[in-house]
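S.K.: Give the three-dimensional model of this entry:
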Amino acid sequence: MEDFIVTGGSRARRPERDPSPRNLSAVRRYPRRVTTAEETASPATTLASARGLKAKLKSPDFRKWFVELVRFVIVGGASFVIDLGLFNLLVYGPGHPLGSKPLTAKVISVVIATLASWIGNRHWTFSAKRTGQKGRELLIYGVLNAVGALIPVGTLALSRYSMHLAGPLEDNAATVIGIAIATIVRYFGYKLWVFTGDKDAKDEAAIAATQL
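M.R.: Predicted structure coming up:
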């Protein structure tokens with residue numbers, strides 16, 4: 001049926017709507033879809049990124065760092081066993097030599113475990129970075145270990161008295177977090193302030209001196 005408009009007693013045909021696509025686009029608008037970087041990335045770009053990551057993992061620097069980290073963890077685990085085992089041996093072992101003096105036994109076990117870990121890290125983990133100043137290394141090493149021993153105490157105190165979290169689960173969680181933080185502090189502290197030598201550079205200098 002045709003539509004008519006009454007104007008002044010006469011009828012006029014209603015103008016038809018323009019069905020052109022231009023008019024429809026003006027009436028109906030859709031939000032523009034934003035493509036993400038992952039969608040616009042081509043397979044070639046993704047493949048290149050994967051190859052770059054694989055090359056980094058196979059690089060000599062990464063392998064050297066990974067071996068160093070594994071050695072550091074092994075030495076740390078061994079020192080922990082020495083500390084715990086010696087403490088229990090002194091307090092609860094045959095004859096109970098320090099059964100009535102647990103704090104003295106703990107000091108002895110910590111000192112011996114620290115010396116053992118220093119020797120292991122100096123001659124194995126960071127053997128390429130050790131210096132000729134053994135006294136300086138041992139002093140700073142002991143300070144870092146003292147700081148590392150206080151960090152779990154601090155996280156436990158924070159959990160107990162500031163956050164008011166008490167219980168076996170909360171205490172152990174706070175202690176584990178503290179040990180993790182202390183391990184990171186020790187590792188980077190050793191690299192920055194204890195084992196700061198460069199064996200490769202010394203070897204190159206010695207070779208150059210012999211060639212003069």
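
S.K.: care to break this protein down by domain?
M.R.: Listed domain ranges for the chain are 65-130, 132-191 (source: automatic domain parsing).

S.K.: so what does the helix or strand where R63 lies touch, helix or strand wise?
M.R.: Using DSSP states H and E, R63 maps to helix 60-92. With contacts taken as 3 or more Cβ pairs under 8 Å, 6 or more residues apart in numbering; DSSP states H and E, helix 60-92 sits against helix 102-120, helix 168-189. (C-beta placed from N, C-alpha, C; glycine too.)

S.K.: list the buried ones in that helix?
M.R.: Neighbour counts over helix 60-92 (16 or more other Cβ atoms under 10 Å) mark 68, 71-72, 75-76, 79, 82-83, 86-87, 90-91 as buried.

S.K.: what does stretch 183-203 give?
M.R.: Buried-residue list, stretch 183-203, by 16+ other Cβ under 10 Å: 186-187, 189-190, 194-197.

S.K.: Tell me the one of those nearest L169?
M.R.: Of all the buried residues of stretch 183-203, R186 has the smallest distance to L169: 25.9 Å, by Cβ to Cβ.

S.K.: Quick check, that closest one in contact with A146.
M.R.: No. The pair R186 / A146 is not scored as a contact, 10.7 Å apart, by Cβ atoms under 8 Å.

S.K.: what residues are up against R122?
M.R.: R122 sits next to 130, 137, 195 when contact means Cβ atoms under 8 Å, 6 or more residues apart in numbering.

S.K.: In three-state terms, label the first one for me.
M.R.: It refers to R130. R130 carries the three-state label coil when classified by DSSP: H, G, I helix; E, B strand; the rest coil.
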